[in-house]
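Participant: Generate coordinates for the sequence data below:
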Amino acid sequence: SIIRRNYQDLSRKGKSNNNSDNTPLKDFVAVHGYGMIISLYERAIAECPTVETIWTSYIKFLREEFLSIRDQKKKGHQITQDLQDQQSRIEHGLLSASRRSIRNCPYSSVLFEKRMTTIGLLSINLEPDDISAVVKEATELGFLANNQEVMLHLRLVAINVVKRRLLSVISLSTTTAVNQLGKDYDEDEEMNTTANTKQKSTKKSITYQPLNSAVLEEVKDLIEDIRDMYDEAENFLFKSHATWVEGKVIYWKHRALTEAYVLCPTAKNSEANEMDVPHTSEQDKEAIRCFEKLVKAEKPGHPDSWVEYIRYVSSAHLYYLGDDRNTISPSSQPDSFAAVPSVIRKTRGLYHRAMSSVRKAGQGEDCSESTSSGVGLENEMFQRHYDNGLSCLCREFLCFERAVGSEESLSQAQTLVRGKMAQWT
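Facilitator: Okay, here's the model as predicted:
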């Protein structure tokens with residue numbers, strides 16, 4: 001640990017500094033640090049191959065080294081041949097360490113997770129099957145198969161890896177920054193708040209371009225792959241753990257947010273790009289379907305689930321609002337003007353449903369004051385979180401009515417909130 005900290009400090013400050021205060025150890029580390037640290041880690045895992053913490057520390061070190069070189073490239077720094085060779089060695093070392101770690105510690109969910117994220121980080125052309133294979137291996141080895149929380153978590157991590165690939169492909173392919181490189185999705189971007197475009201700074205300017213046909217096909221394939229992975233996770237939940245309430249809540253919240261903010265907008269754009277699907281409301285309906293599953297997954301409904309649902313509906317430009325799924329007649333779909341008050345009404349309707357659904361854990365129809373309803377809701381930390389969520393829901397309902405409601409609708413909201421808070425105390 002001491003050598004590693006010295007090496008990383010020198011890397012950040014620059015190994016060529018001529019500080020006269022450097023100790024002999026620091027001078028040696030500046031020259032031989034990386035190779036020495038790798039040797040020490042390899043010696044440690046040779047002696048203690050089944051110790052999870054050694055593997056996690058080793059993989060973390062290699063990952064930090066890889067990201068350090070990648071960040072230099074993003075900033076436009078000139079990369080020497082020696083540094084490129086070192087990056088190749090780091091990539092090989094990362095893949096090797098993550099593969100060996102799960103072979104030696106098949107009981108560790110953390111190392112299976114790191115294996116998947118490592119594949120996602122290093123793969124130029126990510127194959128979702130490679131990620132799913134890691135989950136399959138964790139299941140077949142048997143050490144984790146009976147742990148429902150871990151198995152669901154690993155499935156959602158696998159989905160996250162593929163989702164990050166989807167966002168990265170789109171972001172890098174549609175942007176060009178001043179360094180002539182694409183802007184990745186996990187970087188920040190300034191808001192263009194300047195009224196006069198001539199005043200716009202060119203230091204961090206970004207230009208945009210449409211996806212080419214090859215990337216568009218990859219995007220569509222990744223969307224399909226992610227939804228297939230969600231379907232597999234859903235089958236795992238309902239076939240093996242049909243009564244596990246918390247698992248269903250975790251799954252539907254994860255899927256609803258992914259559909260709402262990643263898959264549905266991306267799928268709609270891909271359809272519009274091809275100009276072969278004039279009406280894309282089905283994509284919105286998929287997100288709504290997942291949110292409906294989320295708020296119905298537990299009794300009583302959790303306030304945070306309703307808050308996520310309402311935020312999506314109130315902030316999205318939804319034009320699916322007709323009641324008949326098979327109807328696309330103009331009279332059943334609001335136009336751009338009608339959609340504004342329609343979304344307000346739909347949002348208010350969700351708030352009313354939420355207020356009638358949520359109640360403090362233990363206040364369900366079939367529950368006494370001293371017990372909680374549903375599996376796993378007896379945890380005190382969960383109850384406090386639930387109460388905080390209920391307070392947040394009530395506050396946001398009142399803020400919504402103050403912003404866009406009438407005096408009558410605000411008064412009705414205040415009555416509902418007072419009634420709910422009276423039950424709460």
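
Participant: Am I right that Leu398 is in contact with Thr415?
Facilitator: No - with contacts counted by CB atoms under 8 Å, Leu398 stays clear of Thr415, the gap being 11.1 Å. Just so you know, the C-beta spots here come from the backbone N, C-alpha and C atoms, and that holds for glycine as well.

Participant: Of these two, which one has the most company?
Facilitator: With neighbours defined as other CB atoms under 10 Å, Leu398 and Thr415 compare such that Leu398 has more, 17 against 10.

Participant: Assign a three-state SS to the residue nearest the centre of the chain, would you?
Facilitator: Closest residue to the average C-alpha location of the chain: Asn160 at 5.8 Å, with CA atoms, centre = their mean. Following DSSP: H, G, I helix; E, B strand; the rest coil, the label given to Asn160 is helix.

Participant: next one: Pro106
Facilitator: Secondary structure, three-state DSSP: Pro106 is coil.

Participant: Now it. Nearest residue, chain neighbours left out?
Facilitator: Distances taken as CB to CB, 6 or more residues apart in numbering put Leu141 closest to Pro106, at 4.4 Å, once the chain neighbours are dropped.

Participant: Now for that neighbour, how many residues are close by?
Facilitator: With other CB under 10 Å as criterion, Leu141 counts 14.

Participant: Also the one 10 residues further on?
Facilitator: Residue neighbour count, defined by other CB under 10 Å, stands at 21 for Met151.

Participant: repeat for Leu216
Facilitator: So Leu216, with other CB under 10 Å, has 18 neighbours.

Participant: Which parts of the protein are strands?
Facilitator: Secondary structure of the chain, counting by DSSP state E: strands at 175-176, 207-208.

Participant: Which stretch among those is buried most, on average?
Facilitator: strand 175-176 (a mean of 17; mean count of other CB atoms under 10 Å).

Participant: residues making contact with that strand?
Facilitator: 182-183, 206-209 (CB atoms under 8 Å, 6 or more residues apart in numbering).

Participant: and Gly389, how far is that from Cys399?
Facilitator: 15 Å (CB to CB, to the nearest Å).

Participant: Sorry, slip of the keys, the one I care about is Ile59.
Facilitator: For Ile59, the distance to Cys399 - CB to CB - is 45 Å.

Participant: Look at these two and report which has more neighbours.
Facilitator: Each of Ile59 and Cys399 has its neighbours counted (other CB under 10 Å); Ile59 has more, 22 against 12.

Participant: Now for the contacts of strand 175-176: which two are most distant?
Facilitator: By the measure CB to CB, Lys183 and Gln209 form the most distant pair in these, at 11.8 Å.
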